[in-house]
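1. Build me a structure from this.
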Amino acid sequence: MIQRRHLLSALPAALAAPALLRPSAARAQEVTLRLHHFLPPVANVPRYFLTPWARKVEADSNNRIRVQIFPSMQLGGAPAQLYDQARDGVADLVWTLPGYTPNRFPRLEAFELPFIANAKAAVNARAAQEFAETHLAEELREVHPICVWAHDGGLIHANRAVATMEDLRGLKLRFPTRLAGEALRALGAAPIGMPVPQVPEALSQRVLDGAVVPWEVVPSIKLQELVRFHTAIPGNPTLYSATNILAMNRAKYESLPADLRRVIDANSGISAAAAAAAPYDDQAKVVEEMVRRRGNQISAISEQEKARWIETTKPVIAAWQSSMQERGIDGAALLAAAQALIAKNATAAG
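-> Numbering: from 1, shown residues only. Purely as a prediction, here's the structure:
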């Protein structure tokens, strides 16, 4: 009887034990993710995409996921090392441009060829994400891609006006990707490759005469204060776009509990790519107006001149296809797929 009383008295404590463990178990499943990138927090993509994305992931997980954002390379390294930081776990998440590491992502370069991309980021971003889901599993196998996108059409921002190819001759222009550099070289410019945070110092020291970037980047590097002339490419297709990726360390993703993986998945893919595109298209108008009010000169080359540029840069596309063939990759098929996706999404966007 004494033993039975002891057993009955012990039951409430035994039944309570799992409940007492639950807070500890919940804490064990909380996770902090470090998101590393190369621009200041006030830049448009961090401000209007990365930060809202992080806060949404936190809210969707009932704050079991916390995303710490480290801007301006605060975790160390250089922008060209960000992808490897995600691969190696130096950071859990990174935003970077594949073009910072030339020839490493050859299939994705289809979107970076001259006069292939649309002028609108909303079109390019959705197309690039769809392309990634179909064609880039092998190329991006070292990380877990959250989303892939390509920005809107970039402009030529320079210390002298550009209306023709002849105006480009010898102009030292920063380019973001290998193929943008090849296109500028074909047009007569003297292209110089570097990550965008290095542009202000290079302009101040006259290492550069200008840069090709989309409007949304301009205020983050005070480009409107460093050059006075801004040249757009009219209509579609546009001169160039650069691809971007928000990538996660694969082991970190796979270590998450299933319900937290579902939160990440719900904030990945097309919906994330579309959200990433918004700052480019939305802020382009805002930044252009700000630059105009400042008194800088904004112009566009003529359609006739654009036709000359398209013809002049065709060898860049042919050389890319040849190099892809040497690597055993069907570049022509990839280019056709990219163009078809851009056309499809342009039609959908109206």
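
2. CA atoms for contacts and neighbours, from now on please.
-> Noted.

3. For the closest residue in space to Ala275 that isn't next to it in sequence, which residues are in contact?
-> With CA to CA, 6 or more residues apart in numbering as the criterion, Ala275 has its nearest non-adjacent residue at 6.3 Å, and that residue is Phe49. Residues in contact with Phe49 (CA atoms under 8 Å, 6 or more residues apart in numbering) are 275-276, 278-279.

4. Repeat that for Asp209.
-> Contacts for Asp209 (CA under 8 Å, 6+ apart) come out as 158-159, 171-173, 203.

5. Kindly recompute the last result at 6 Å.
-> For Asp209, the contacting residues are 158-159, 172-173, by CA atoms under 6 Å, 6 or more residues apart in numbering.

6. Please apply the same query to Val31.
-> Neighbouring residues of Val31 by CA under 6 Å, 6+ apart: Ile65.

7. Which pLDDT value belongs to Leu239?
-> Listed pLDDT for Leu239 reads 98.

8. need the contacts of Phe49 in TSV with neighbour count, can you?
-> Formatted as TSV, the contacts of Phe49 follow (neighbours: other CA atoms under 10 Å):
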residue	neighbour count
Ala275	22
Ala276	29
Ala278	21
Pro279	23
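
9. ok, these vs Ala110, which is closest?
-> Ala276 (19.5 Å; CA to CA).

10. buried sites along stretch 210-226?
-> 210-221, 223-224, 226 (16 or more other CA atoms under 10 Å).

11. chain center to it: distance?
-> Its chain's average C-alpha position is 17 Å from that of stretch 210-226, according to CA atoms, centre = their mean, to the nearest Å.

12. what's the span of it, first residue to last?
-> Length of stretch 210-226, first residue to last, CA to CA, to the nearest Å: 9 Å.

13. With stretch 183-199 instead?
-> Stretch 183-199 end-to-end distance (CA to CA) = 19 Å.

14. what's next to that stretch, contact-wise?
-> The contact list for stretch 183-199, computed with CA under 6 Å, 6+ apart, reads 165, 168-175, 181, 313.

15. residue ranges with poor pLDDT in the protein?
-> 1-28 (pLDDT under 70).

16. just the strands in it please.
-> Assigned by DSSP state E, the strands in the chain fall at 31-36, 65-70, 93-96, 143-150, 155-158, 172-175, 190-193, 210-213, 229-232, 243-249, 297-300.

17. mind listing what's buried in stretch 160-180?
-> 160-165, 168-169, 171-180.
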